[in-house]
Structures are given as C-alpha cells and as structure tokens.
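Visitor: Here you go, sequence then predicted model.
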Amino acid sequence: MSLACMQVTRLACGGFAMAVRIQHTMADGAGMLQLLGAIAELARGAPAPTVQPVWGRELLQAPLLNDVLLPPRFAHREYDDVMDMNDAIVPFEFMVHRFFIGWREIYAIRSHLPLALSRDATNFEVIMGCLWRCRTVALAPHADEEMRMICTVNIRGKKDTIIPVGYYGNAFASPVAISTAGDLLANPVSYAVELMMKTKREVDVEYVRSVARLMVRWGRPNFTMVSAYVMG
C-alpha cells in the first residue's frame, strides 16, 4: 500500500475532482489539509508554500528515562479490554449512517443547558453530549452498563503546545468519556455535555506522549468498541 495516493478526474464541464488517500500513520487530517493547500499554492505559481513543512516526528515519541520506557501517565480507558457480555456492539448495517444537525438543532439543545455551560461549551461538545445520551436511550442498555463516547482532540494551537506551525504528522488523541447508562438517562443532557468538556480538556502534549508510551508497550491496540460511540 502506498503512503499517499491522489487521483484527479477531469469533468466535461471543465472542472475537476480530486480524491486523496493516505496512510494515517503518516499524517492526520490537519496535516493533509496543509499539504493540499501547499499543492494548490504551487499549482498557482507560488515559488514555495506559505507554510513551510515540518517533519519533527520526534516531538511526540514515547520518552525514555535512562533508556527505559516510561509507563503511560494517564489511564487511557479508550483502550480498555472489555468483553461484550450483552451484545453491545451494534452491527454496522443496523446503524443510522447519516443525519443532519444544523444551527436550529444546536440552539434547541443549548436551550436545555444551564446558561454558564451553554456559554462555555463548543458546538461540537454540545452535539456529542446530546448524541451520546440519545444513542444510550435508543440502545436501552442495563443501567449499570458503562457507555463510552470517544472523540478526536487536536493539540495544534493549544496553550503551551510544542507542535510547530507546518507540522504534517499526527497531533491528536482520542480520549473517552465514560458513564453508566443509568446516570446518562437519569440526568439531563447537560451531564453528558459536561463529561465531554472535561474529557476533551484533559488532552495536551503530555497526554499524547502518554498515548505513545502505551502504543509502544501494548503494540497499537484498537479502541474499545463495546458500548462505544466514536466521533471524529
């Protein structure tokens, strides 16, 4: 498999469509957007990209102390080894694959939040909290079953980040918020939104380095899929 592959299709109207496929170990979505932007600038005649590329993969590698790999600093329960005791993994063909949430829906969800929470929560956090709770209602799990919401958090641009402008590699983590189904259903949607906010705000450079330690020790485990909802 190639690391990156691009295909350009010329359309009869004079336009074109470009498809891109990458190996995710090489770059993340933000890195690929940067690459495509650089290609567009060069295609328009620029002598060099506005944003110069930075490799810098050593910035997020698993740190060593006296040549000894340190253990992860965080629990990383997104990689828990959980047995599916209650058929909690829903087959893909039984899922709703497409739905639309617009500004009207976002405003409606925010109307159910305390004022301070509505002011501080991002649209993404509001949507995630609502979908997590709604999915739990739809699945009707046992009250003591742990429900997981896994999300993607980019560490570019965060305070005290060491990721330089122009970095192409992966600079994100996928933390998990966990709650029992009983607590999710007994509490208002603000409960789920607050959990998502807390989970996202834990992610920083040290969290990503801790993930790197885990990957080296455990050999790149997959996310826990039992009662889990992954949202990128």
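Guide: Happy to help now that I have it.
Visitor: what are the ranges of the helices in the chain?
Guide: Taking DSSP state H as the criterion, the chain contains helices spanning 29-43, 103-110, 115-120, 123-139, 181-186, 189-201, 205-218.
Visitor: nearest to V51, of these?
Guide: Checking the helices of the chain against V51 by CB to CB gives helix 29-43 as the closest, at 6.0 Å. In short, each C-beta sits where N, CA and C put it, glycine included.
Visitor: residues in contact with the most centrally placed residue in the chain?
Guide: With distances taken as CA atoms, centre = their mean, T152 lies nearest the centre of the chain, 1.2 Å away. Contacts here follow CB atoms under 8 Å, 6 or more residues apart in numbering; on that basis T152 touches F172, A173, S174, M231, G232.
Visitor: Now it. Nearest residue, chain neighbours left out?
Guide: In space, T152 comes closest to G232 once its chain neighbours are excluded; the distance is 4.7 Å by CB to CB, 6 or more residues apart in numbering.
Visitor: ok, now C130?
Guide: Take C130 and drop its neighbours on the chain: the residue closest to it by CB to CB, 6+ apart is I109, 4.9 Å away.
Visitor: Isn't that neighbour up against M128?
Guide: No. Counting by CB atoms under 8 Å, I109 stays clear of M128, with 10.5 Å between them.
Visitor: which of the two has more neighbours?
Guide: When I109 and M128 are compared for neighbours, M128 comes out ahead with 25 against 20, by other CB atoms under 10 Å.
Visitor: now the more buried one, nearest residue through space, not along the chain?
Guide: M196 (4.8 Å).
Visitor: What distance do you get for that neighbour to D67?
Guide: M196 sits 39 Å away from D67 when distances are taken as CB to CB, to the nearest Å.
Visitor: Looking at the two, which has the bigger crowd around it?
Guide: A side-by-side neighbour count of M196 and D67, using other CB under 10 Å, places M196 first with 26 against 5.
Visitor: closest to G15 out of the helices of the chain?
Guide: Closest to G15 of the helices of the chain, according to CB to CB: helix 29-43, at 14.4 Å.
Visitor: for this protein, which spans come out with low pLDDT?
Guide: Flagging of the chain using pLDDT under 70 yields the residue ranges 1, 85-92, 94-97.
Visitor: quick one on the thing from earlier: residues contacting the residue nearest to M128?
Guide: E125, M128, G129, W132, M149, C151, A177.
Visitor: got it, and V211?
Guide: Shown here is V211, whose contacts under the criterion CB under 8 Å, 6+ apart are P72, H76, A173.
Visitor: The nearest residue to L42 once chain neighbours are set aside: what's it in contact with?
Guide: Excluding its sequence neighbours, the residue lying closest to L42 (CB to CB, 6+ apart) is P49, at 6.8 Å. The contact partners of P49, by CB under 8 Å, 6+ apart, come to G37, A38, E41, L42.
Visitor: Going by neighbour count, which of those are buried?
Guide: In terms of neighbour count (16 or more other CB atoms under 10 Å), the buried residues within the contacts of P49 are A38.
Visitor: so which pair among the contacts of P49 is furthest apart in space?
Guide: Using CB to CB, the contacts of P49 span at most 9.9 Å, a distance reached by G37 and L42.
Visitor: thinking again about what came up before, of the helices of the chain, which approaches K158 most closely?
Guide: Shortest distance between K158 and those, using CB to CB, is found for helix 205-218: 7.7 Å.
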